[in-house]
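# next come a sequence and a model predicted from it.
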Amino acid sequence: MDKRVKLDVNGTVTEFPVIQGTQGEQGIDISRLRERTGMTTFDPGYVNTGACASHITYLDGDQGILRYRGIPIEQLADRSNFLETAYLLIHGSLPTSGEFHTFQDAITRHTMLHEDVKRFYDGFPKDAHPMAILSAVTGALSTFYQDSHDPTDPEQVNISIYRLLAKLPTIAAYSYKKSIGQPFVYPKNSLEYCTNFFHMMFSVPTESYNVTPILAKTLQRLFILHADHEQNCSTATVRLVGSSYANLFASVAAGVYALWGPRHGGANQKVLEMLEQIHADGGNVDKYVEMARDRQNPYRLYGFGHRIYKSYDPRAKILKQACDDVLAEIGLHDPLVDIARQIEAIALQDDFFLTQQLYPNVDFYSGILYKAMGFPTNMFTVLFAIGRLPGWIAHWKEMMADSRVKIGRPRQIYTGLRHRDYVDIHERTAGASSS
Ligand code: ACO
């Protein structure tokens, strides 16, 4: 029998159905709550609110499990590549080799930016943050591709998907080249996706350039590990914007901005800045852990804590190992790694961190890897955005195909002033406006 939940409002009992997930999760379906009780819910930060049903990603924060379309993240990080993982997320199953090549070819054909896009870069200040550029230029793509704005036309959506997956690395690499005054490097379509990104970032017209294979492989892994994470802040933003039937470029541009914040994707930049600060301050790790522990002090250890994970983030586990492997293979000793390891060792035995269930998240080790690859700190969140793009697209597409989906429009509990009358300006007294 279907499970139901009873709500008693001042003696009037109303029943609500319970939705069952495939992994045992249960959600009370309150979609008719207001209609039947006159009440709404109050849930700041949507901590208890399921806004959709989704087939894409399963995440168990207590057990540290993450699966894309049922496949464990560990297997994908080990055996897949980024475009194959993107296909899996967007289309729901792993591609056959024919499907994969068609997908890869379509993306490869769209890697160049319209020449006029370059003129946007002339207008940006040299020191502009690359996340601002990424979002602005992604939004601007909608001005160049007005033939593909209709979110209900599968052909138009498909071409937008290819364009976004193909062009985001080019947009990102151009923002870096602009910041250092080097010429833009056109994409080279004979190169694989990640290798091509290194080429656009670090090659110059005057010299030959080869990517170190382990670095290209590690970037694939990083992109795969970031590719989706169900209803995080930026994905929820992409869904919310898309629910108004805004086109895919506009929805993704909004997702980039949501990701930029230091409590979300921007944490990877903050982690590295934090490690550098501790290093410059003599490496006194205890002092910073103590500051984070002090409830009167707003200081937080970036790269620690997660809304869903109440155990070790499985992505951080893979990246910690990758850090050891990559730094050993390229023969790099980074003192920041020693500091990161010390912080982790202290935090994992500390009462405050254990009771608050604060463990390293994906951002804790990713920055060290990006740094080892030669990426400047302010590009870290951009790398996260390139990785997260398939997830944003998959969720936007899933939402558009869901007949139950409505425009996203939360309610509020109004706590402001009750009715009062307009007062002419010459009759107003200072300070009266808030009374
Ligand atoms: N350092 C110190 N204390 C922390 C930290 C931290 N990194 N994270 C949470 N806390 C404390 C908070 O002060 C709070 O304490 P209180 O109960 O005494 O008020 C408690 O733990 C709960 O924290 P919230 O912010 O309420 O938890 P929430 O689930 O809303 O936030 C978040 C999760 C935003 C990730 C938080 O842990 C944080 O700010 N971490 C640092 C930033 C970071 O690394 N973000 C990346 C997350 S992963 C990602 O987005 C890709």
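Here it is on my side, so go on.
# quick one: the strands in the protein, in order.
4-9, 12-20, 26-28, 57-60, 65-68, 71-72 (DSSP state E).
# distance of residue 328 from the ligand?
Distance, residue 328 to the ligand, using C-beta to the nearest ligand atom, to the nearest Å: 26 Å. Where you see a C-beta, it was placed from the backbone N, CA and C, and this is true even at glycine.
# roughly how far does the residue in the chain that the ligand sits nearest to sit from residue 146?
Using C-beta to the nearest ligand atom, the closest approach of the chain to the ligand is made by residue 305 at 2.3 Å. Counting by C-beta to C-beta, to the nearest Å, the separation of residue 305 from residue 146 is 42 Å.
# which of the two has more neighbours?
Set residue 305 next to residue 146 and count neighbours by other C-beta atoms under 10 Å: residue 305 wins out with 20 against 8.
# the more buried one against residue 362, yeah?
No - at 11.6 Å, residue 305 does not count as touching residue 362 under the criterion of C-beta atoms under 8 Å.
# how about the contacts made by the residue of the chain closest to the ligand?
356, 358-359, 361 (C-beta atoms under 8 Å, 6 or more residues apart in numbering).
# again, but for residue 400
Taking C-beta under 8 Å, 6+ apart as the criterion, residue 400 is in contact with 151-152, 157, 242.
# apart from its chain neighbours, what residue comes closest to residue 310?
Computed as C-beta to C-beta, 6 or more residues apart in numbering, the closest residue to residue 310 that is not its neighbour in sequence is residue 357, at 4.1 Å.
# can you redo the strands of the chain as JSON lines with mean pLDDT, mean neighbour count and distance to residue 231?
Below are the strands of the chain laid out as JSON lines (pLDDT from 0 to 100; neighbours: other C-beta atoms under 10 Å; distance: least, C-beta to C-beta, whole Å):
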{"stretch": "strand 4-9", "mean pLDDT": "96", "mean neighbour count": "11", "distance to residue 231": "22"}
{"stretch": "strand 12-20", "mean pLDDT": "96", "mean neighbour count": "13", "distance to residue 231": "15"}
{"stretch": "strand 26-28", "mean pLDDT": "96", "mean neighbour count": "14", "distance to residue 231": "12"}
{"stretch": "strand 57-60", "mean pLDDT": "97", "mean neighbour count": "19", "distance to residue 231": "9"}
{"stretch": "strand 65-68", "mean pLDDT": "97", "mean neighbour count": "21", "distance to residue 231": "13"}
{"stretch": "strand 71-72", "mean pLDDT": "98", "mean neighbour count": "15", "distance to residue 231": "19"}
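# I'd like to know which of those strands is closest to residue 298.
Counting by C-beta to C-beta, residue 298 lies closest to strand 57-60 out of these; the figure is 28.0 Å.
# which other helices and strands does that closest one contact?
Applying 3 or more C-beta pairs under 8 Å, 6 or more residues apart in numbering; DSSP states H and E, one finds that strand 57-60 contacts strand 65-68.
# what does the strand it packs on rub up against?
The set of residues external to strand 65-68 that reach it, using C-beta under 8 Å, 6+ apart, is 56-60, 72-73, 76, 85, 88-89, 227-229, 314-315.
# and for stretch 160-170?
Residues outside stretch 160-170 that contact it (C-beta under 8 Å, 6+ apart): 83, 86, 90, 106-113, 134, 138, 141, 145, 148, 187, 193, 196-197, 200, 247-249, 252, 385-386, 389-390, 393, 397.
# of the residues you listed, select the buried ones using a PyMOL command.
Per 16 or more other C-beta atoms under 10 Å, the buried members of the contacts of stretch 160-170 correspond to this PyMOL selection:
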select buried, resi 83+86+90+106+107+108+110+111+113+134+138+141+145+148+187+193+196+197+200+247+248+249+252+385+386+389+390+393+397
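# show me which helix runs longest in this protein.
Of all the elements of type helix in the chain, the one with the most residues (DSSP state H) is helix 154-180.
# returning to what we had before: would you list the strands of the chain in JSON lines and tack on distance to residue 376?
What follows is these, written out as JSON lines (distance: least, C-beta to C-beta, whole Å):
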{"stretch": "strand 4-9", "distance to residue 376": "51"}
{"stretch": "strand 12-20", "distance to residue 376": "45"}
{"stretch": "strand 26-28", "distance to residue 376": "42"}
{"stretch": "strand 57-60", "distance to residue 376": "30"}
{"stretch": "strand 65-68", "distance to residue 376": "28"}
{"stretch": "strand 71-72", "distance to residue 376": "33"}
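# alright, calling it a day.
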